[in-house]
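Q: after the sequence you'll find the predicted model.
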Amino acid sequence: MQVHERLIKLLFQTLLSNVQKGRFLIEGVERDIDIFKTEQLGNIIRVMFYLDDFSGAVTHAALLDRDNAILVSGPTNFYKENDGFMYVFDIPIIAEGVVA
């Protein structure tokens, strides 16, 4: 089977239209943060969050869809100071045998 470029475009569009927000564990409190920006870089979808309203240890990050289901999640280990901070999820879409 060959994957056509149209399918790849649809996958990117569907993912971007369903990603709703990020959830971050900051100082032990779950905080939902709105998406700052999304973009497609080749075969990578980049979803960016600007963490500016909170400070403290950030120990977990998750990307949620419009039903609040987790799409991507994992532990983090950084300390957010009082100044702004950009957190980025890079999600690669890998398909073999793509034809234009």
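A: Noted; the coordinates are in hand. Numbering: from 1, shown residues only.
Q: with adjacent residues omitted, what lies nearest to Pro75?
A: Here the nearest residue to Pro75 in space, its sequence neighbours aside, is His60; by C-beta to C-beta, 6 or more residues apart in numbering that works out to 5.7 Å. Every C-beta, even on glycine, is put in place using the N, C-alpha and C of the backbone.
Q: quick check: the one you found touching Gly22?
A: No - counting by C-beta atoms under 8 Å, His60 stays clear of Gly22, with 10.7 Å between them.
Q: and the strands in the chain, which stretches?
A: 3-4, 19-26, 29-34, 37-41, 44-50, 56-65, 70-80, 86-92, 98-99 (DSSP state E).
Q: pLDDT weak spots in this protein?
A: By pLDDT under 70, the low-scoring segments of the chain are 1, 97-100.
Q: 90 instead?
A: Residue ranges of the chain with pLDDT under 90: 1-17, 39-44, 51-55, 78-85, 91-100.
Q: between His60 and Gly22, which has more neighbouring residues?
A: Using other C-beta atoms under 10 Å as the criterion, His60 and Gly22 rank with Gly22 on top: 23 against 14.
Q: run through the bridge partners of the more buried one.
A: For Gly22, the beta-bridge partners are Ile33, Leu63 (DSSP bridges).
Q: and the contacts of stretch 48-60?
A: 22, 24-28, 31, 33-39, 73-89 (C-beta atoms under 8 Å, 6 or more residues apart in numbering).
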